[in-house]
Each structure stands twice: as C-alpha cells, then as structure tokens.
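Trainee: Based on what follows, work out the 3D shape:
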Amino acid sequence: MNRFFRDTETLQHMKSGPLGLYIDRYADQLEAEGYARYSAFHMLRLVSLFSMWLERRRIHPHEIVPQHITDYLRFRKRVGYQPGLGDSTTLIRMLTVLDEDAVIDLRNPKPNAV
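Mentor: Numbers count the residues shown, from 1 in each chain. As a prediction, the model looks like this:
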C-alpha cells in the first residue's frame, strides 16, 4: 500500500470499511503483477469506495456476493459517476482475494446474502 499511497491519512482512510483488512493484500497483488502507480491508485480507490458503500449498507465481508458489485456500479451511475472500463474487473478481483483468503466462497454463495 505504501508504494501507491504515501500520505498516512490517505492510507488510513483507504483501510476503512469492511474491506479495510484485505486492501493491503490486494495492493500487494497489484504490485506483484506490475501495475503502474497511477493504475493501482485508481483501482485501490475504487475498492475503498466500494468498501465504504458496503459499510453504509452494513454488509460484512463474509456476506459479500457478486451481486453487490452490480448494485454498487448501478449506484455509482445513478449518482452521476460514469463507470470506468475496468471497474467491474477491479471489484471482481477484490472478491477473488476474499475467496482466496476463505472470507467468502465464490463457488457456493449464500442464497440470501443480497
């Protein structure tokens, strides 16, 4: 995370919400895959905003399902943000991190989680 964000306050803000515990791992993955600072910054910012959206809806990490991504991107569009080309992919990658860490199970989502 420190490679992409140097300001302590920004780092702290990025780690808020239900995905805060996992965002460092996501940042490490982006760094390992060679993402440029600018690209990783935008991806991590989107994950952070998604995390705040989840927090406002009182959705815990273990309750997240792919439908939440659809709902969040629809919400962003409704409030005037045009979705970026890779927004959906960025958030799906975050769910993959949660799946790899056994926080969620993408193969067997909870039926009433949405």
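
Trainee: And the closest residue in space to residue 66 that isn't next to it in sequence, what's its pLDDT?
Mentor: Nearest residue to residue 66, sequence neighbours excluded (C-beta to C-beta, 6 or more residues apart in numbering): residue 95, at 6.5 Å. No exception for glycine: its C-beta is placed from N, CA and C like everyone else's. Note for residue 95: predicted pLDDT of 96.

Trainee: And for residue 109?
Mentor: For residue 109, pLDDT reads 68.

Trainee: rewinding a little: measure the residue nearest to residue 66 to residue 27 for me?
Mentor: Distance from residue 95 to residue 27, counting by C-beta to C-beta, to the nearest Å: 16 Å.

Trainee: same thing with residue 87?
Mentor: Distance from residue 87 to residue 27, by C-beta to C-beta: 17 Å.

Trainee: list the contacts for residue 92?
Mentor: 66, 69 (C-beta atoms under 8 Å, 6 or more residues apart in numbering).

Trainee: what about it, distance to residue 47?
Mentor: For residue 92, the distance to residue 47 - C-beta to C-beta - is 11 Å.
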